[in-house]
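K.L.:
below are the sequence and a predicted model for it; my questions follow.
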Amino acid sequence: MVPVISALGGLLFVASAVSADGTDLRSSNTDLEALVESRADDVAQLRSGVRDLQLDIDQVARDVGSEGLATVRRRIAAISTPAGLTPVEGPGLVVTLDDSPLEEPPGDLDANALIVHQQDIQAFVNAMWAGAATAVSLQGQRLISTTGIKCVGNTVVLQGVPYAPPYRIEAVGDPALLKASLRASDYVDFYRDYVDEVQLGLDVEPAERLALPGYEETPALVYATPG
C-alpha cells in the first residue's frame, strides 16, 4: 500500500503544479477591495458600451425624422431635467462618510458601529433633498426617486455596482440651506453621535461649483397591483 499511496501523492503534487502554472493557488483575488474594484471596472466598461449604443440609436432616430417621433422626443426632453436624466451644474455641498479607524468598538458597542451603513447614507441624502437640492449623486452616480442604496457586508451597492468607503455625496443647491437641513435632521444627529464616540468619518464642505452627471440607467417603476 505504501508505494500506491506515494504514487497517488506524487500525482496530486504534479496536478497542483500544473494547475498553478507557477502562480499561487490561493490567489489574492479574494481580497474584498480588489473584487469591488474589478466589479466596478467591469460595470464601467459595460456602461461605456451602452452609451455608445445610445448615441447610435439617437442618430438613427434623428435620421428617421417622423413627426410622431419628434413629438415623443420633445415630451422626453421636457421631463428629462426633473427626472434627473440630464447633467446639472452649480454650487452645493459635498459630504464624505467613512468607516471608523478603530479595530475594536469601545465599551459594549457592536462592531457594526464602526461601519457606515446604507441607512446612514440615506439619512444624509434625504437631508439634502429636504434642503431643496436640485440634484444629488453618490460615488459619482446620479440619484433619482427610484434609486436603491443597498448594504452588502462593509460595502454599498448602488445600481448594481459595489463601492467601498469612503462614500462621497454631492448635492447641487444652496449650501446654506443644505447645511441647515443637515443640522435639522435627527438621523444625521444620530450619526454625529457615533462620529464622537467611535470616530466614524464625517466631512462636510461647501463647493462653489459641482458638475453632476445625468442618470445613465433606464428608469423603471416597479409597483404592486391588486390581485
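P.N.:
Thanks, I have the structure now. Residues are numbered from 1 along each chain as shown.
K.L.:
just how off-centre is stretch 124-133 within its chain?
P.N.:
Here the centre of stretch 124-133 is set off from its chain's centre by 17 Å, with CA atoms, centre = their mean, to the nearest Å.
K.L.:
state the mean pLDDT of that stretch.
P.N.:
Averaging pLDDT along stretch 124-133 yields 96.
K.L.:
got the buried residues for it?
P.N.:
Across stretch 124-133, burial judged by 16 or more other CB atoms under 10 Å covers Phe124, Val125, Ala127, Met128, Trp129, Gly131, Ala133. Backbone N, C-alpha and C define where each C-beta goes, glycine included.
K.L.:
and what of stretch 169-185?
P.N.:
Going by neighbour count (16+ other CB under 10 Å), the buried part of stretch 169-185 is Ile169, Glu170, Ala171, Val172, Gly173, Asp174, Pro175, Leu178, Lys179, Ser181, Leu182, Ser185.
K.L.:
start and end of that stretch, how far apart?
P.N.:
Stretch 169-185 stretches 16 Å from its first residue to its last (CA to CA, to the nearest Å).
K.L.:
and the helix or strand containing Ala176, how far from the chain's centre?
P.N.:
Secondary structure from DSSP states H and E places Ala176 in helix 175-184. Remark: helix 175-184 is offset 23 Å from the chain centroid, using CA atoms, centre = their mean.
K.L.:
and for stretch 152-162?
P.N.:
Stretch 152-162 sits 6 Å away from the centroid of its parent chain (CA atoms, centre = their mean).
K.L.:
now it: buried residues?
P.N.:
For stretch 152-162, a neighbour-count test (16+ other CB under 10 Å) marks Thr155, Val156, Val157, Leu158, Gln159, Val161, Pro162 as buried.
K.L.:
check the buried residues of stretch 169-185 and tell me the two furthest apart.
P.N.:
Greatest spatial distance among the buried residues of stretch 169-185 (CB to CB): Val172 and Ser185, at 18.6 Å.
K.L.:
okay, now the domains of the protein?
P.N.:
29-82, 88-212 (automatic domain parsing).
K.L.:
now the ones you listed as JSON lines including distance to Gly227?
P.N.:
Below are these laid out as JSON lines (distance: least, CB to CB, whole Å):
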{"stretch": "domain 29-82", "distance to Gly227": "31"}
{"stretch": "domain 88-212", "distance to Gly227": "23"}
